[in-house]
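Q: Here's a sequence, model it:
(one chain, ligands or ions: 1)
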Amino acid sequence: MTTGATSTSNADVVREAARRRTFAVISHPDAGKSTLTEALALHAQVIAEAGAVHGKSGRRGVVSDWMDMERARGISITSAALQFSYGDAVINLLDTPGHADFSEDTYRVLSAVDSAVMLLDAAKGLEPQTLKLFDVCRHRNIPVITFINKWDRPGRDALELCDELLERIGLQPMPLTWPVGDSGHFRGVLDRRTGELIRYHRTAGGATIAPEERIGAERAAAEEDADWLRACEEAELMAASGGEFDPDQFLTAKATPVLFGAAVLNFGVRHLLDLLVELAPRPAARHDVDERPRALDAPFSAFVFKVQTGMDPAHRDRVAFARVCSGVFERGMVVTNAATGRPFATKYAQQVFGQQRSTLDVAFPGDVIGLVNATALRVGDTLHDGKPAVRFPGLPSFAPAHFAVARAAELSRSKQFRKGVAQLEQEGVIQVLRSDRRGDGAPVFAAVGPMQFEVAAHRLEAEFSCPVRLEHLPYTVVRRLTDPMHRNLVNSAGRSEVLSRSDGVELALFTDRVALNVAQRQYPDLAVEPLIAGTE
Ligand code: G4P
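A: Next up is the predicted model:
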């Protein structure tokens, strides 16, 4: 069903899709994600000066501070997309919440990207949150480019950082640049593909694009002396140990191109953009639930990967973020929600990044559309135009690690409580687990990160006038129960219980590994199996 007749041909759609690069930055807090986002935007000339969009130090936030809670803490919980042109390419940078507390949103964003940039702090290497996010990338076969940041500050040895990638996560590093000078004395990089030195020049406060100079090997050797020789030697060493660049290895997510840089000085950022344009996968046909690829030039289709409520405090609106998978999206189209078969009007499509919104008129595969007033849409829903209907696989639920019993603080608000909980569950704000033993009035909230509890409690109070009491449960180990007949065994084992998710999956929760081991010793046939790391 379409209202606006489209003048875009199939060839246009395929061409537009080929220009798109849709990616997210995965990193541990403080590695420099906001700084890198600014630097990328600066190179694409979205902003005139870096710092204008950065959230810290009293600067204006690019990342939304839509909730009071976020504002108070100076963190971001929302995810959206920043779109900009770079040369002939259109870059879609999807934001992942940067706080140490994980939420499922962070993971879900990765279902909507074609590649990821893994940002490492040169002094710290792989950190816990980076590892968790990388696990999801690995699980989804998402190609990863590694950017080793903060090379302007004393940090670890370049070879050691590359070794860490191979040893800890089994990802073969393929450095495309190699730093000239130890970390802390960053002047430039060896471009391994041309053999030249790229020398960077600092600008005041790193606020404008750092000029780069390309220098031939001979002059580089004369001017940089021992540092140049060492860079060449180390780069050779990397090549000899399997680090020779191979684009197929990158696209099949077996190896990662590595760049060295300093986002705060804009060093290496242009190279990263060029690499994304040159190498990162472009949108490809997405498989539907029956595993049939949906051609890029098929009629419009998209899937919702995030639903956000209350982004604009003045209007309690609800925005659904959808990634376009095929066809052309034109604002005003009436599309079908595959889950319900009902029409959905897209009059208010927007591009949303942080607090900035602009009306979106047209979008192609790889783009993200923000659909305002999307009360009928849920995470995982497919939208499509015309017939036959298409449905993309739902988004995975992630293994929760935190559990709390939720109760309405006032009994008289029980009805609102039930309604609110159903709403939050539907939006994917929190997983809701239930059991006959606990009853309907005391569901168990399950979260990937504890901040999800706060968001849920805040919203129940603010939107449903229903303050809640949360009682944290001591479970840390989760297994899937594969035989419902064993429910009683787990429930009677002590320090464990079984709870059901609304999709029918039964989760066996244990306080710790010891409790699990004891249960397994007691009942050797206990039908439990691990949830796959990060996703299931
Ligand atoms: P995040 O979004 O990943 O949490 O990190 P963010 O960009 O906020 O950066 C964290 C800190 O690291 C910031 O310093 C930022 O300036 C610094 N930083 C980022 N990239 C580089 C780099 O290439 N070199 C150096 N030396 N520092 C870098 P801050 O003191 O916490 O904040 P601010 O006052 O500088 O904004």
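
Q: Do a quick rundown of the helices in the stretch 1-150 of the chain.
A: With helices called from DSSP state H, counting those that start in this stretch, the stretch 1-150 of the chain shows them at 10-19, 33-43, 68-73, 104-109, 128-140.

Q: In terms of secondary structure, what does the longest one contact?
A: If I follow you right, that is helix 128-140. Under the contact criterion of 3 or more C-beta pairs under 8 Å, 6 or more residues apart in numbering; DSSP states H and E, helix 128-140 touches strand 20-27, helix 104-109, strand 115-121, helix 158-169. For the C-beta atoms, the positions are set from N, CA and C on the backbone; glycine is no exception.

Q: Show me which residues of this protein sit near the ligand.
A: Within reach of the ligand by C-beta under 6 Å from any ligand atom, the chain has these residues: 27, 29-35, 56-57, 98, 149-150, 152-153, 262-264.

Q: Tell me the buried residues within these.
A: 27, 29, 31-35, 98, 149-150, 152, 262-264 (16 or more other C-beta atoms under 10 Å).

Q: Adding mean pLDDT, write the helices of the stretch 1-150 of the chain out as JSON lines.
A: Formatted as JSON lines, those follow (pLDDT from 0 to 100):
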{"stretch": "helix 10-19", "mean pLDDT": "95"}
{"stretch": "helix 33-43", "mean pLDDT": "84"}
{"stretch": "helix 68-73", "mean pLDDT": "40"}
{"stretch": "helix 104-109", "mean pLDDT": "82"}
{"stretch": "helix 128-140", "mean pLDDT": "89"}
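
Q: lowest-confidence stretch among the helices and strands packed on helix 128-140?
A: Least confident of those, judged by mean pLDDT, is helix 104-109 with a mean of 82.

Q: List the buried residues of that one.
A: Of all the residues in helix 104-109, those buried under the rule 16+ other C-beta under 10 Å are 104, 105, 106, 107, 108, 109.

Q: quick check, nearest of the residues you listed to residue 138?
A: Among the buried residues of helix 104-109, residue 107 lies closest to residue 138 (C-beta to C-beta), at 12.5 Å.

Q: got the domain boundaries for the protein?
A: For the chain, automatic domain parsing gives the domain ranges 21-279, 286-384, 402-530.

Q: Between the two ends of the last one, how far is it?
A: Looking back up the chat, that one is domain 402-530. For domain 402-530, the first-to-last residue distance is 16 Å (C-alpha to C-alpha, to the nearest Å).

Q: likewise the longest one?
A: Using C-alpha to C-alpha, the gap from the first to the last residue of domain 21-279 comes to 10 Å.

Q: Check residue 67 and give its pLDDT.
A: The model reports residue 67 with a pLDDT of 40.

Q: And residue 534, by the same measure?
A: Here, the pLDDT recorded for residue 534 equals 44.

Q: got it, and residue 313?
A: pLDDT, residue 313: 51.

Q: got the contact list for residue 220?
A: Neighbour list for residue 220: 180, 190, 196, 197, 228 [criterion: C-beta atoms under 8 Å, 6 or more residues apart in numbering].

Q: Of those residues, which is the nearest to the ligand?
A: residue 180 (16.1 Å; C-beta to the nearest ligand atom).

Q: Can you tell me, leaving aside adjacent residues, what's nearest to that closest one?
A: Computed as C-beta to C-beta, 6 or more residues apart in numbering, the closest residue to residue 180 that is not its neighbour in sequence is residue 231, at 4.6 Å.

Q: ok, now residue 322?
A: Distances taken as C-beta to C-beta, 6+ apart place residue 302 nearest to residue 322, at 4.1 Å, with adjacent residues excluded.

Q: Would you mind giving the secondary structure of that neighbour?
A: strand (DSSP: H, G, I helix; E, B strand; the rest coil).

Q: how many other residues sit next to it?
A: For residue 302, the tally of surrounding residues (other C-beta atoms under 10 Å) stands at 30.

Q: What of residue 304?
A: 26.

Q: correct me, but residue 410 touches residue 467?
A: Yes - here residue 410 lies in contact with residue 467, judged by C-beta atoms under 8 Å, at a distance of 7.1 Å.

Q: can you name the two of the buried ones among the residues of the chain next to the ligand that are farthest apart?
A: Distances among those were taken as C-beta to C-beta; the most separated pair is 98 and 152, at 21.1 Å.

Q: closest to residue 476 out of the helices and strands packed on helix 128-140?
A: In terms of C-beta to C-beta, the element of the helices and strands packed on helix 128-140 nearest to residue 476 is helix 104-109, at 17.8 Å.

Q: ok, back up a step: of the contacts of residue 220, which is the nearest to residue 422?
A: residue 190 (57.6 Å).

Q: sorry, back to before: mind checking which of the buried ones among the residues of the chain next to the ligand land in strands?
A: Judged by DSSP state E, these include 27, 149 as members of strands.

Q: Which residue in the buried ones among the residues of the chain next to the ligand has the weakest pLDDT?
A: Within the set of those, pLDDT is lowest for residue 98 (57).

Q: for the stretch 251-400 of the chain, what spans make up the helices?
A: For the stretch 251-400 of the chain, the helices defined by DSSP H, counting those that start in this stretch occupy 269-279.

Q: Out of the buried residues of helix 104-109, which is nearest to the ligand?
A: Taking C-beta to the nearest ligand atom as the measure, the ligand lies nearest residue 106 of these, at 12.7 Å.

Q: So that closest one is in contact with residue 137, correct?
A: No - counting by C-beta under 8 Å, residue 106 sits too far from residue 137 to count as a contact (11.9 Å).

Q: helices and strands around the strand or helix carrying residue 458, which ones?
A: Applying DSSP states H and E as the criterion places residue 458 in helix 451-464. Here helix 451-464 touches helix 68-73, strand 402-408, helix 414-427, strand 444-447, strand 468-473, going by 3+ C-beta pairs under 8 Å, 6+ apart.

Q: 7 Å instead?
A: Where contact means 3 or more C-beta pairs under 7 Å, 6 or more residues apart in numbering; DSSP states H and E, helix 451-464 is packed against helix 414-427, strand 444-447, strand 468-473.

Q: got a list of what the residue nearest to residue 322 touches?
A: Contacts for residue 302 (C-beta atoms under 7 Å, 6 or more residues apart in numbering) come out as 322, 323, 324, 325, 329, 369, 383.

Q: Equivalent analysis for residue 335, please.
A: Counted by C-beta under 7 Å, 6+ apart, residue 335 has contacts 1, 300, 344, 346, 383, 384, 385.

Q: For it, report the pLDDT, please.
A: pLDDT recorded at residue 335 is 92.

Q: By mean pLDDT, which helix or strand of the protein comes out lowest?
A: Scoring the helices and strands of the chain by mean pLDDT, DSSP states H and E places helix 68-73 at the bottom, with a mean of 40.

Q: The residue nearest to residue 298 when sequence neighbours are not counted and residue 431: what is the separation?
A: Distances taken as C-beta to C-beta, 6+ apart place residue 326 nearest to residue 298, at 4.4 Å, with adjacent residues excluded. Counting by C-beta to C-beta, to the nearest Å, the gap from residue 326 to residue 431 is 30 Å.
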